[in-house]
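Asks: Need a 3D model of the following:
(chains A and B)
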Amino acid sequence: MNPVEPYGRKFSTWFSADNIFTGVIMAFLLAILAVFLLYPVVDICRLSFFKDGVFTLQNYADYFSEPRIFRSFYNSMFVSTVTMVITTVLAFLFAYGLTRTTMPFKGFFYTVSTLPLIAPTIIQALALILLFGRNGVITRYALGTDWNIYGATGIIVGEILYCFPNALFILYTTLSAVDTRLDEAAQSLGASALKTFFKVTLPSAKYGIASAAALTFNLTITDFGIPVVIGGDYSVLATEIVNKVFGLQRFDLGATISVILLIPSITAFAINYYLTRKSYAMISGQARPFIQPSRPLKKWAFTAYSALISSCILLVFITVFLGSFVRTWPYDFSLTLKHFDFPSLGASVPLWTAFWNSVLEPGPFRTMIAIKYAPIWTSLLVSLVVAVVGASITLVAAYIIEKKKPRGEQLLYGLSVLPAAIPGVVLGLGYVLAFNKPYFLIYGTIWIIIINIVIANFTLGVLSGTANLKQIDKSVEEAAVSLGAGPVTTFTRIVFPLSKVAFLSTTTFFFMRAMTTISAVLFLVSAQIKLAAIEIIFLDVDGRTASANAMCTVVVLIVALFLIIMRLTTGSSGLSGMSAAK
Amino acid sequence: MGRDLKLENLTKRYGNLTAVDHVDLEIKEGEFICFLGPSGCGKTTVLRMITGFETVTEGKVIFNNRVINDLIPKKREFGIVFQSYALFPNMTVEENIAFGLKMRKMPKKALAERVDAMLDLIGLSDWRSLYPAQLSGGQQQRVALVRALAPDPQVLLLDEPLSALDAKIRLRLRAEIKRLQQELKKTMIHVTHDQEEALSIADRVVVMEKGQFRQVGRPIDIYKNPTCSFVADFVGTSNFFDGRWTNGVVDTGKRKIKVTQNGAAADGTVSLAIRPENVEVFKKEPPPEVAEPMNLAAGRIDVVVFQGAAVRLLIHVDGEEIISDIIEKDFEQRDLKQGDQVYVYFSPDAFLVFPEGGGSR
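Replies: A predicted model of the protein is given here:
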């Protein structure tokens, strides 16, 4: 018998369950990213280059010819550069202390240094104002001076405190991965400790250092929360965009400045991304460090330094906490809860109002919880949805990219990594331009906010997902397939259970970002839908600083509570590896 | 006819690189075949084309008289055992074994019986509710073996299943695989780079090199009658001499060797191989009496490696190293030791003769 007839029809391979599964998900993900990432960004570019349908560079000419506006570009570059240099140096020393010395309390220092991740980026500015502002407890009260921290100094100090953990993560990973035996080898060959440091330690960490610097630059130049609160008259690109749009309703100028902001931010991101990969290539598998006992001087110098940095970070939190509980900072330090009775006339979300109205007795307390706390409940709802949706969709995307490698995988990967390069303010403005149209039904609902936050943080979800999936042996999946499992079963029964830890930490990450993000959703809140983190800014701008502190405290407590719950219920390790650094 | 597996002109190319180069093979139902070759020879690629995890560039994979090139792996119903075990770490031993049965929607009762039978087969009943991480490597691989066998696959494919295990366990599990194969009469295709494993386990061995099949045959034929110098070199150990053939005498440049068999190429190029156990060793004094004094060569024992029943001698002969295995008893009787001046002797009928230079080794 001549075996010629194929087993099943020829095209069966192309229409196999596996290919359909991959194809449908690919199409879905690409469509989502095209609509909610590319389209808004393209729309911004379009608006900045076209006037009445005609291509023009008029907007750019306007921007650069107006010295006062152009100043914001210079200012942004200035504060970002200074922040970059200082943060990288400080974080490197801190990371060195953690990885290369035998100083005590390492766990405590490390935990404290990650704290800024759980708060909105505005917290540093609020604390600095309470300490060094016009009515700062140190400037006015203790020193009696008129000097205050508003302006470039405030922004830089605030950004350093905010960027510190992100830079630290990269440097910590780099330094703990570089083989300490290199150092030992150098010393055994007769190099002095100092020489070893400059000739061996520093060069072997160079990619990590450069990548931490680039990331810090990117975070600073794209941040909105700190400069808007503490910048005063010192305008930077991010605040300038919001000014033009909110103040002047000049969307075209906002778009133009957005495009200008995109250039340094994408460049810094690309450098960071490129160097991170290079730096990981240098990680040796057998780098489990044994650290020789440090000399007492070195040990205590690093302990003192780490304690100082940790105190500064803790001080930020303590100050804002205190600021939300004392009657009149800095004159009357008696404690009160009145700042938690937020003054906002608050929009109510029917869902919450109905809920609280049914549980609580009528009265001022119900009004406070049901009406005044509405932004908090909305934030909570948004964050929970973002956590689940964000973690799920990025895990699926990571699975397709890492394990299925279909045609167009590079495109999907590129689009997944892109959001980290796009400043939140720019993406938010893009959403207004692209989606503020009557036929776009979800505009003005919480759904557009949820989508925006998921997309803005897509990168980290996908990167941590792919990193985790790389560790799953390919033959485990093949075993499942050879035993008769289809693509869906393989994913739900094998891949997902094996990704659970990564999935939970991504969930936590998305929740944290949704609770604390400011810049991305600034343009998307409305009188009907308010978010807690954004309310902090509005309260502050309104002059209600104490209530801004109180709102900030509430946000921090909610995030901390979520972390604790996750820790207790799932044993997932919380903050580790969750910075924008990954 | 039965459920035979056939490879016809099977080829796999990655860009310019040809990993598998037009190979043909017929595997009978119930046969135990072993692919043997150095790493990178393409043996795993052949296996993966059979499983369906690798696409076929050219040629056909035929099973049960049907071309299955384009059939997805799931539909082939072939069981696979992986080098890395590939047990599902999130499932117990029992759940791992039941997985394939559940996928085939086997009724509960039958499933439980089947799982029990499988656990009995490998004597791991007491371990049923443990997780893979709690088992040793050998135990994990046994679970992987019956997990693949549980759904009663048409063919069982084993991709270097023993390579990750340590020597003792490897021997035990090798015997166990052989026993299972004989009990279940299942077609099995085993891939390995370990010649001893291949020779001891398979009905037929396929020796691969550079994407091609160099020899296909019973283990004894592969060892005794290798058809090319690569096989003679790769399977077992051989001493090689390259030279020119003239009237039963091969001139290697250094010496002339009398050879009974003819097998030289048309131009006289020839490659001779002789197994170490066929190289005899004598003390220099008194001069040994041999049938063909031309095949005697003087040398010195450089290294003595005691191997239990046999002793391996590395003998320095005119700048060449000759390997000789002699049984331990003879070694003592002849009173040989390191540094001794000796004669080595190659019996004219003990040579394997290949019509080629040393190029393919």
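Asks: And stretch A:370-390, what's buried?
Replies: Neighbour counts over stretch A:370-390 (16 or more other C-beta atoms under 10 Å in any protein chain shown) mark A:370-387, A:389-390 as buried. All C-beta atoms are positioned from the backbone trio N, CA, C, and that covers glycine.
Asks: Quote the end-to-end distance of stretch B:279-296.
Replies: Criterion C-alpha to C-alpha, to the nearest Å; first-to-last residue distance in stretch B:279-296 is 10 Å.
Asks: what residues does that stretch touch?
Replies: Contacts to stretch B:279-296, defined as C-beta atoms under 8 Å, 6 or more residues apart in numbering or on different chains, come from residues B:239, B:249, B:256-258, B:298, B:301, B:313, B:315, B:322-326, B:334-336, B:340-348.
Asks: same thing but at 10 Å, please
Replies: With contacts defined as C-beta atoms under 10 Å, 6 or more residues apart in numbering or on different chains, stretch B:279-296 is touched by B:239, B:249, B:255-260, B:297-301, B:311, B:313, B:315, B:322-326, B:330-331, B:334-336, B:340-351.
Asks: Could you list which of the buried residues of stretch A:370-390 belong to helices?
Replies: Judged by DSSP state H, those include A:374-387, A:389-390 as members of helices.
Asks: Looking at pLDDT only, which of those scores worst?
Replies: Across the set of these, A:A374 stands lowest in pLDDT, at 84.
Asks: residue contacts, the residue in the stretch 151-300 of chain B that chain A sits nearest to?
Replies: Scanning the stretch 151-300 of chain B for the residue nearest chain A gives B:P151, at 6.4 Å (criterion: C-beta to the nearest C-beta). By C-beta under 10 Å, 6+ apart, the contact list for B:P151 reads A:482-484, B:77, B:79, B:97-104, B:106, B:114.
Asks: among the residues you listed, which are in helices?
Replies: Counted as lying in helices by DSSP H, out of these, are A:S482, B:I97, B:A98, B:F99, B:G100, B:L101, B:K102, B:M103, B:R114.
Asks: so the third one makes contact with B:K105?
Replies: No: counting by C-beta atoms under 10 Å, B:A98 sits too far from B:K105 to count as a contact (11.9 Å).
Asks: Who has more neighbours out of these two?
Replies: The neighbour comparison of B:A98 against B:K105 (other C-beta atoms under 10 Å in any protein chain shown) goes to B:A98, with 23 against 8.
Asks: burial measure for the residue nearest to that one when sequence neighbours are not counted, as a count.
Replies: Closest residue to B:A98 apart from its sequence neighbours, by C-beta to C-beta, 6 or more residues apart in numbering or on different chains: B:V115 at 5.3 Å. The number of residues packed near B:V115 is 23, by other C-beta under 10 Å.
Asks: measure B:V115 to B:L121 for me?
Replies: To B:L121, B:V115 is 11 Å away according to C-beta to C-beta, to the nearest Å.
Asks: Report the set of residues contacting both of the two.
Replies: Listed contacts common to B:V115 and B:L121 are B:V146, B:A150; contacts here mean C-beta under 10 Å, 6+ apart.
Asks: Now do the contacts for the nearest residue in space to A:P497 that is not next to it in sequence.
Replies: Once flanking residues are discounted, A:P497 sits nearest to B:N90: 4.1 Å by C-beta to C-beta, 6+ apart. Taking C-beta under 10 Å, 6+ apart, we find B:N90 in contact with A:V476, A:R493, A:I494, A:F496, A:P497, A:L498, A:K500, B:N96, B:Y131, B:P132.
Asks: Considering these, which possesses the most neighbours?
Replies: Neighbour counts for the contacts of B:N90 (other C-beta under 10 Å) peak at B:N96, which has 27 neighbours.
Asks: In a helix, the residue nearest to A:P497, correct?
Replies: No: under DSSP: H, G, I helix; E, B strand; the rest coil, B:N90 falls outside any helix and is assigned coil.
Asks: Next, work out how far apart it and A:T145 are.
Replies: B:N90 is 63 Å from A:T145, by C-beta to C-beta.
Asks: And stretch B:104-116, what's buried?
Replies: Those would be B:M106, B:L111, B:R114, B:V115, for stretch B:104-116 by 16+ other C-beta under 10 Å.
Asks: hmm, back to that, per-residue pLDDT, the residue of the stretch 151-300 of chain B closest to chain A?
Replies: What the model reports as pLDDT for B:P151 is 92.
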